[in-house]
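**Student:** sequence and predicted structure are below.
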Amino acid sequence: MTTTEYNSLVQTHSDRLLRYALKLTLDYSWSQDLVQESLIKLWSNKSKVTQRHAGPFLYRVLYNKMIDDKRKQSRVELKETIKESGSFQDSPLETKDLLDQAFSQLNFAQKQIIMLRDWEGYSYDEIGEILEQKTSLVKVHLFRARKKMKAVIHSLTTETPPCYENN
């Protein structure tokens, strides 16, 4: 792909990509960043992507980047929730204990996927090969495991008033 072809693709797709990103994120500056990163990725892969396939490539890159950003943000929010939650704010050891308690609530398959992805850093495809599962199933199990851990952490950190029975 030449510079002229790339510039033509930018003119053709940038407005549509921005509208698409705005619908997904409802945030103008984040949408602009997503479009810019998509276009940069197209330029860096100019030798691999044909002009004919550039449109779908840009949309796929934008969507994947948006999902990655949302996942990162949810991890940050979870860390902030743990830090702001009263008694668990004081010590990193208590935070580790909290995570250990949440981890112990998972079933074996969920523990295995969390360990492979978050602790060992394997990709979804590699985890699928290790566990002999489809990549999509690995993603589903990982999502459910993280969701369960988040719920357990939330229930452990949220102070509930004691219930008193009338005797």
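**Tutor:** All right, it came through fine.

**Student:** which secondary element of this protein has the worst mean pLDDT?
**Tutor:** helix 92-104 (a mean of 75; mean pLDDT, DSSP states H and E).

**Student:** ok, Glu126 - how many residues close by?
**Tutor:** Residues near Glu126, counting by other CB atoms under 10 Å, number 15. Where you see a C-beta, it was placed from the backbone N, CA and C, and this is true even at glycine.

**Student:** let's verify it: helix, strand, or coil?
**Tutor:** helix (DSSP: H, G, I helix; E, B strand; the rest coil).

**Student:** ok, the nearest residue to it once chain neighbours are set aside - contacts?
**Tutor:** Leaving aside its chain neighbours, Glu126 sits nearest to Leu116 (7.8 Å; criterion: CB to CB, 6 or more residues apart in numbering). Going by CB atoms under 8 Å, 6 or more residues apart in numbering, Leu116 touches Tyr122, Glu126, Ile127, Ile130, Leu131.

**Student:** look up how far Trp43 lies from Leu116.
**Tutor:** Going from Leu116 to Trp43 by CB to CB, to the nearest Å gives 33 Å.

**Student:** between the longest helix belonging to the chain and helix 92-104, how big is the angle?
**Tutor:** Counting residues, the longest helix in the chain under DSSP state H turns out to be helix 54-84. Interaxial angle, helix 54-84 versus helix 92-104 (axes from the mean of the first three to the mean of the last three CA atoms, to 10 degrees): 120 degrees.

**Student:** show the pLDDT at the residue positioned nearest the centre of the chain.
**Tutor:** Nearest to the geometric centre of the chain sits Arg71, at 2.3 Å (CA atoms, centre = their mean). The model reports Arg71 with a pLDDT of 81.

**Student:** and for Cys163?
**Tutor:** Looking at Cys163, the pLDDT reads 51.

**Student:** re earlier: got the buried residues for the longest helix of the chain?
**Tutor:** Of the residues in helix 54-84, Ala54, Gly55, Phe57, Leu58, Tyr59, Val61, Leu62, Lys65, Met66, Ile82 count as buried by neighbour count, 16 or more other CB atoms under 10 Å.
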